[in-house]
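Engineer: Quick check, what structure comes out for this input:
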Amino acid sequence: MAARFKTFTAGSVLTASEVNTYLAKQAVINCDSSADYPSAPVIGMTVYDLDKDALLVYAGATSGWQPPWNVAWGVLDYVQVTVNQTSITTITDLTSLTRTVTVPANRRIRTTLSFEWLGQIAGDRHIAYITDNSSVAVARHVWDVPDGGDLTMCTLSIIESPAAGAFTRKGRLERSSGTGVTELRAASPARPAFLMIEDIGPAGAPS
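Structural biologist: The predicted structure is shown next:
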């Protein structure tokens with residue numbers, strides 16, 4: 001039978017088995033760093049890592065030590081740029097707006113790409129993409145320029161439940177039709193272009 005909580009009564013004998021089962025496996029273990037984690041953990045064992053200021057639960061050999069499984073784990077990676085990228089016609093990677101994180105299975109991952117872009121020629125069609133590491137689009141936003149010189153805000157987001165392992169997402173931009181160019185513009189400390197990857201919660205049980 002799996003270990004359960006036990007209330008000890010006055011005068012009862014505390015056996016070695018009970019110490020190993022009820023105490024060692026159900027206490028929150030205070031650790032200075034990951035070097036102090038239990039060497040042979042069991043699923044559900046919990047540590048408080050003073051170096052990371054984090055509560056972590058052992059979720060199995062694949063997932064390892066993670067925050068509690070049923071909550072969002074927050075921002076996994078974030079990058080921003082404050083330099084304009086100009087003269088784009090063919091599909092082009094947005095400079096520095098590529099991030100790779102490592103994720104366990106059964107998590108929901110949200111990727112957000114945000115920037116302002118400029119279209120020079122009315123009627124031109126521009127497309128912004130979030131793609132994977134092989135430049136295969138997973139999300140896109142299409143913009144037909146209404147007037148030359150217009151600045152438009154683009155915020156593109158997608159939620160996925162990827163397989164465990166390396167997870168790469170990047171921003172790309174193109175002028176797909178027309179005669180002008182498209183540009184990532186107004187990238188400044190006050191209005192940076194950014195790519196953010198977040199864990200927003202579980203998509204299933206730990207693997």
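
Engineer: which residue ranges form the strands in this structure?
Structural biologist: Counting by DSSP state E, the chain has strands at residues 28-31, 46-49, 54-58, 65-66, 74-81, 85-88, 92-103, 107-119, 125-131, 137-144, 150-160, 165-177, 182-185, 193-202.

Engineer: Tell me where this protein is predicted with low confidence.
Structural biologist: Applying pLDDT under 70 to the chain flags residues 1-5, 24-26.

Engineer: Tell me who's in contact with the residue lying farthest from the centre of the chain.
Structural biologist: Largest separation from the mean C-alpha position in the chain: Gly11, at 51.2 Å (CA atoms, centre = their mean). By CB atoms under 8 Å, 6 or more residues apart in numbering, the contact set of Gly11 is empty. The C-beta positions use only the backbone N, C-alpha and C, and glycine is treated the same way.

Engineer: quick one, phi psi at it?
Structural biologist: phi 90, psi -10 (degrees, to the nearest 10).

Engineer: Can you tell me how far it is from Asn30?
Structural biologist: 30 Å (CB to CB, to the nearest Å).

Engineer: Buried residues, stretch 52-59. List them.
Structural biologist: Within stretch 52-59, the residues that count as buried by 16 or more other CB atoms under 10 Å are 56-59.

Engineer: Setting aside sequence neighbours, what's the nearest residue to Pro206?
Structural biologist: Ala59 (3.9 Å; CB to CB, 6 or more residues apart in numbering).

Engineer: so what's the one you found up against?
Structural biologist: 43, 65-66, 69, 104, 206.

Engineer: Including distance to Leu184 and neighbour count, could these go into a markdown table?
Structural biologist: A markdown table is the format used below for the contacts of Ala59 (distance: CB to CB, whole Å; neighbours: other CB atoms under 10 Å):
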| residue | distance to Leu184 | neighbour count |
| --- | --- | --- |
| Ile43 | 46 | 12 |
| Trp65 | 38 | 19 |
| Gln66 | 35 | 17 |
| Trp69 | 38 | 18 |
| Pro104 | 33 | 20 |
| Pro206 | 39 | 19 |
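
Engineer: Now render the strands of the chain as CSV, adding distance to Lys6.
Structural biologist: CSV is the format used below for the strands of the chain (distance: least, CB to CB, whole Å):
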stretch, distance to Lys6
strand 28-31, 17
strand 46-49, 17
strand 54-58, 21
strand 65-66, 25
strand 74-81, 35
strand 85-88, 62
strand 92-103, 36
strand 107-119, 33
strand 125-131, 50
strand 137-144, 49
strand 150-160, 41
strand 165-177, 39
strand 182-185, 61
strand 193-202, 29
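
Engineer: burial of Ile130, as a residue count?
Structural biologist: 22 (other CB atoms under 10 Å).

Engineer: ok, it touching Leu113?
Structural biologist: Yes - counting by CB atoms under 8 Å, Leu113 is a contact partner of Ile130 at 5.2 Å.

Engineer: Need the overlap of contacts for the two.
Structural biologist: Common neighbours of Ile130 and Leu113, counting by CB under 8 Å, 6+ apart, are 156, 171.

Engineer: one step back: what's the closest of the strands of the chain to Asn20?
Structural biologist: Each of the strands of the chain has some distance to Asn20 by CB to CB; the shortest is strand 28-31, at 13.8 Å.
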